[in-house]
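J.: What follows is a predicted protein model with its sequence.
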Amino acid sequence: MTGIECILLIPFTLNFKKLDRPSRWACYYLISSVVFAVGSFAFAHLYRNNLWFYSIMYYIQFVILSIYYSLLIKNPLFRRLIKILPIPAAAIFLLDFFKLEGVLAYNSIFAAARTFILLCYGTVFFIQLLFDEELVKEAIFVNALPNFWFNAGLFIFFSCSFFDTLTYNFFLKHYKTHNNLVLSLVFLGGIIEGILFYIGLMKAKKQRP
């Protein structure tokens, strides 16, 4: 996915000033994805194990996207919850990283928990858009909002990758390899995410000429 992310990063960087505050955090997520992809490849090549790097980047991306959704979601209770969740998530991450599954293993417990929470964030935002009275009063369609497309891309990607987090260790333990169907699903989700992110960027450019 490195190629898609790097290509996307170019127009996002060129149009960074046209992004609103939440959208800039979506851009930071994109930057972290490039670091994730390049770092994973490098560590796999150098040390033949990059799973510890996966776990660290998963947590960093969780924090970035928690900030993103805390800026998007208007409900005060949910906003406070989103701001607090990185703390228990850090506890799960450290417990899984050092105790439960280990530094050199795929930390599926934390990965699955993190992905599920992010899917909940995305769902809350979609529901918010459906009942947002301000959008109705101003006759704004949700598909005109850049963050609708960014959230849609994230939601599809994490929906696809959720299966990966749940099954990775199972296939590695019993078949000594990963399931190609699951990998293809994650790859497809990444492509769709990239397309939707680009559409969101185009919407942002139209809003701020």
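T.: Cool, the structure landed.
J.: Show the contacting residues for the nearest residue to Ile82 once chain neighbours are set aside.
T.: Leaving aside its sequence neighbours, Ile82 sits nearest to Ser70 (CB to CB, 6 or more residues apart in numbering; 4.4 Å). C-beta coordinates here come from the backbone N, C-alpha and C atoms, glycine included. By CB atoms under 8 Å, 6 or more residues apart in numbering, the contact set of Ser70 is 79, 82-83.
J.: Compile those into a markdown table and extend it with columns for secondary structure, pLDDT and neighbour count.
T.: Below are those laid out as a markdown table (DSSP: H, G, I helix; E, B strand; the rest coil; pLDDT from 0 to 100; neighbours: other CB atoms under 10 Å):
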| residue | secondary structure | pLDDT | neighbour count |
| --- | --- | --- | --- |
| Arg79 | helix | 96 | 15 |
| Ile82 | helix | 97 | 23 |
| Lys83 | helix | 95 | 13 |
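J.: quick one: which of these is nearest Phe41?
T.: Nearest to Phe41 out of those is Ile82 (CB to CB; 31.4 Å).
J.: thought the closest one was touching Lys74?
T.: No. With contact defined as CB atoms under 8 Å, Ile82 does not count as touching Lys74 (11.6 Å).
J.: give me the element Phe43 is part of.
T.: Counting by DSSP states H and E, the element that carries Phe43 is helix 21-47.
J.: Count the neighbours of Leu104 for me.
T.: A count of nearby residues for Leu104, using other CB atoms under 10 Å, gives 10.
J.: In three-state terms, how would it be classified?
T.: Here Leu104 is recorded as coil under DSSP: H, G, I helix; E, B strand; the rest coil.
J.: dump the residue contacts of it.
T.: 49, 51-52.
J.: Tell me the helix or strand right after the helix holding Phe43.
T.: Past helix 21-47, the next helix or strand by DSSP H and E is helix 51-72.
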